[in-house]
Structures are given as structure tokens and as C-alpha cells.
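Asks: Predicted coordinates and the sequence they were generated for:
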Amino acid sequence: MTPSGSSPARPKVLYLLGTQRGGTTIAGRLIGQLPGFVFVGELRKLWQVGLAEGRNCGCGKSYEACEVWSAVLPEVVGATEMAAMQRWQEAAAPDRRSSLRAWRLAHSSAMGHSPAVRSYADLLASTYVALAEATEARVIVDSSKLPADALVVSGLENVEPFFIELVRDPRGTVYSAIRRSGDRAPFHPRQGVGGSAGWLVRHIAAAALRRRVGPDRSMVVTYEDLVADPQRILGEIAAFLGEPALERRVVVEGKVDLDVAHTPIGDGRFGPVSVSLVHDDRWVTALSRADRMVVSTLTRPLARHYGYLRLPPANTGA
Ligand SMILES: [Zn+2]
């Protein structure tokens, strides 16, 4: 968190679009180092998981004890029933088929404002405003990733919405999603195909949303560029939002100091920490040639558009 005096009445929201294992968490924490920005993790999980399961904040405290959520939740939840909030979210931005829904809506003129969708939009807007007040931040960074959610955010009137589509090489993303344990056995054929389809569909929907909101409200950042030169990319992001850049070096002696992040389901995993910013490219040596071919072939048109797959798959390892 970076306090910056009183928060404005209409805070900016920077919504990160991307995939699981696509680098949105490290991106969000890095962006949260910019002056006036605060990273709140995957906000959409507050209702779906955090409150429903009695989880703790990323700082390690319960919501009642956390300095941020103890101020925010009474403002936005009040006497509203949990089941109602979850129903609104399910109507507006369901986890399943979110990309398809977002793609369809992004191509239609109407947003399909049912009462449930309007209630969810009001809930999101009041949460962002309360977060800005509690943290004294000008920009709330939300790494919820979901295109359907982002579409709701794009229509909020009480905040100024901005979007970053964070893209990571599909081979690295799919490998990382499937091989979290470091197991090097080849994928089951369904895993490679499913992971590739997930990457493709999510980014097609994100691109549709970017076209809808336009270049003044959206930009593309690659995970690889961010890790290679965080100072430059953070400067570009600050400029994109009309905010001042970092005055200090973000990487000092190979380490980045990250502030505590009050993420809804962090359960203490987001305390202040000093980390080495390392490009996770295990897939280059660990992904089998056959799996690499599957992912490259299925994601090729869009992956090429983002600058990936310039080398034939056989040149990058096995
Ligand atoms: Zn906290």
C-alpha cells in the first residue's frame, strides 16, 4: 500500500486481465509499488470464497482485524445476505463460460442489465470506492482476470476503469498451470489441448474487451517484458493511467521489495517481502517436444499476434 493523501471521490481501477499462471499476481504486486496505487489481489474471490469460507486477508489477519477489510466490509456488505451477493456475481460474471459471455457481450450494444447485474455492479463500485478511502490510494489494482467481470467494471460510473491484458507465452502458461509440482512427465493429451484452449479463449475475450473500451483505457503488457525490465514497464503503466512514475529504482541489487497486500483470500501469503524477480522459463527445457507442438499449434494465430512463437518450437529445447 502506498498512502498518498486523501483519495479522490472517483478512484481509478486498474483491472488485470489474463490467465491462471499468467503472472498477474507478481504483476499486480509490482504495479502496487507505484505511488498512489494499491494492489488488492483477486477481488472477485471476496464473495465467492473469502467471506463464504471464512478465509483470512493476505496480511494474515481475519477480515475483522485487518486494517483495510475491517473498514471496507461494513461499508459495502452491511446487512446484505451473502447468498444474494453470490447470486449477483453468478449472474453478472460467472466463473464458468466467463470468456464466452464476455466475448458475446463485448460484441453487443447492450450490456444486458438485469437487476442482478446492476446489483453486482453497485457492489463492485462501492467496494472499490471504500478500498480507495481505506487505503488512501488513487488507483485500485484488481487481478481478478475474468473478462466478464472486466466488462462489468468497464460500465461502472463511480470509478475510472482501466485495463491491462497481461499476456504470457502460452507454452509457459500451460506448462506452469499443469506442472505446478515440477513433475516432468508428458501431459495427458487432454491437458495440453484444454490448457491451450483456455489460453486462447481467455485472450480472445480480453482482446474483444480492449476493442470495446479503446486504447485510452486498455493496454497489453507481456509477462516476459515486465520481468525483464520492470522499471520501464511500470513507467509505461503509470503514464497510461496519468500517474507519476516511481522515483526510486524498483530492482535494487537484484531484489524487489514488495509491500504487504491485503488480498481477500491471501491467508497470510502476502506479507512484505524482498524477492528476486526471476523469469519462470522452466517450460523451455521441461516441456516435451510433443506438448510444445500441441500448444504452439493450437494457440498460433493469437500467440503470433502477441509476438510469441517466432522461433519454430524445435529451436527452444528438446
Ligand atoms: Zn489485511
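Replies: That came through fine.

Asks: quick one: low-confidence ranges for the stretch 201-318 of the chain?
Replies: 310-318 (pLDDT under 70).

Asks: List, one by one, the residues from the stretch 201-318 of the chain near the ion.
Replies: His262 (C-beta under 5 Å from the ion). Any C-beta I mention is one placed from the backbone N, CA and C, and that applies to glycine too.

Asks: in which helix or strand would I find the residue in the stretch 201-318 of the chain positioned nearest to the ion?
Replies: At 3.6 Å from the ion, His262 is the closest residue in the stretch 201-318 of the chain, using C-beta to the ion. For His262, there is no helix or strand it lies in under DSSP states H and E.

Asks: Quick check: it vs Leu123, distance?
Replies: Per C-beta to C-beta, to the nearest Å, His262 is found 18 Å from Leu123.

Asks: Wasn't Glu64 part of a helix?
Replies: No: with DSSP: H, G, I helix; E, B strand; the rest coil as the criterion, Glu64 is assigned coil and is not in a helix.

Asks: With Met82 as the reference, measure out to the nearest residue to it once chain neighbours are set aside.
Replies: Closest residue to Glu64 apart from its sequence neighbours, by C-beta to C-beta, 6 or more residues apart in numbering: Ser70 at 5.6 Å. For Ser70, the distance to Met82 (C-beta to C-beta) stands at 18 Å.

Asks: Helices along the stretch 201-318 of the chain, start to end?
Replies: 223-228, 230-240, 283-286, 289-305 (DSSP state H, counting those that start in this stretch).

Asks: Please tabulate the ones you listed in JSON lines, including the columns mean neighbour count.
Replies: Listed next are those as JSON lines, based on neighbours: other C-beta atoms under 10 Å:
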{"stretch": "helix 223-228", "mean neighbour count": "18"}
{"stretch": "helix 230-240", "mean neighbour count": "17"}
{"stretch": "helix 283-286", "mean neighbour count": "16"}
{"stretch": "helix 289-305", "mean neighbour count": "18"}
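
Asks: Need those in a markdown table (columns: distance to Leu34).
Replies: Listed next are these as a markdown table, based on distance: least, C-beta to C-beta, whole Å:
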| stretch | distance to Leu34 |
| --- | --- |
| helix 223-228 | 13 |
| helix 230-240 | 5 |
| helix 283-286 | 29 |
| helix 289-305 | 28 |
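
Asks: how deep is the residue nearest to Glu64 tucked in, by neighbour count?
Replies: 15 (other C-beta atoms under 10 Å).

Asks: is stretch 114-131 up against the ion anywhere?
Replies: No: counting by C-beta under 5 Å from the ion, the ion is not contacted by stretch 114-131; separation bottoms out at 11.3 Å.

Asks: Spell out, range by range, the strands that occur in the stretch 151-300 of the chain.
Replies: For the stretch 151-300 of the chain, the strands defined by DSSP state E, counting those that start in this stretch occupy 160-167, 218-222, 251-252, 255-258, 273-276.

Asks: tell me the most buried of those?
Replies: strand 160-167 (a mean of 24; mean count of other C-beta atoms under 10 Å).

Asks: Partner strands of that one, with direction?
Replies: strand 12-17 (parallel), strand 218-222 (parallel) (DSSP bridges).

Asks: The longest one versus helix 230-240: what angle between them?
Replies: Strand 12-17 and helix 230-240 are oriented at 130 degrees to each other (axes from the mean of the first three to the mean of the last three C-alpha atoms, to 10 degrees).

Asks: From the contact counts, what lies against the helix or strand just after strand 12-17?
Replies: Sequence order places helix 24-31 as the next helix or strand after strand 12-17, per DSSP H and E. Contacts defined by 3 or more C-beta pairs under 8 Å, 6 or more residues apart in numbering; DSSP states H and E place helix 24-31 against strand 12-17, strand 37-39, strand 139-145, strand 160-167, helix 223-228, helix 230-240, strand 255-258.

Asks: which helices and strands does the longest one pack with?
Replies: Under the contact criterion of 3+ C-beta pairs under 8 Å, 6+ apart, helix 230-240 touches helix 24-31, strand 218-222, helix 223-228.

Asks: Of the ones you listed, which is nearest Asn158?
Replies: strand 218-222 (19.5 Å; C-beta to C-beta).

Asks: Report the buried residues of whichever strand or helix holds Arg118.
Replies: Assigned by DSSP H and E, Arg118 falls within helix 115-135. Neighbour counts over helix 115-135 (16 or more other C-beta atoms under 10 Å) mark 117-121, 123-135 as buried.

Asks: That helix - what's its average pLDDT?
Replies: Averaged across helix 115-135, pLDDT comes to 94.

Asks: who's in contact with that helix?
Replies: 1, 3, 7-8, 11, 13, 38, 40, 43, 46-47, 67-68, 71-72, 75-76, 80, 84-85, 87-89, 91-93, 111, 137-138, 140, 142, 152-153, 155-159, 262 (C-beta atoms under 8 Å, 6 or more residues apart in numbering).
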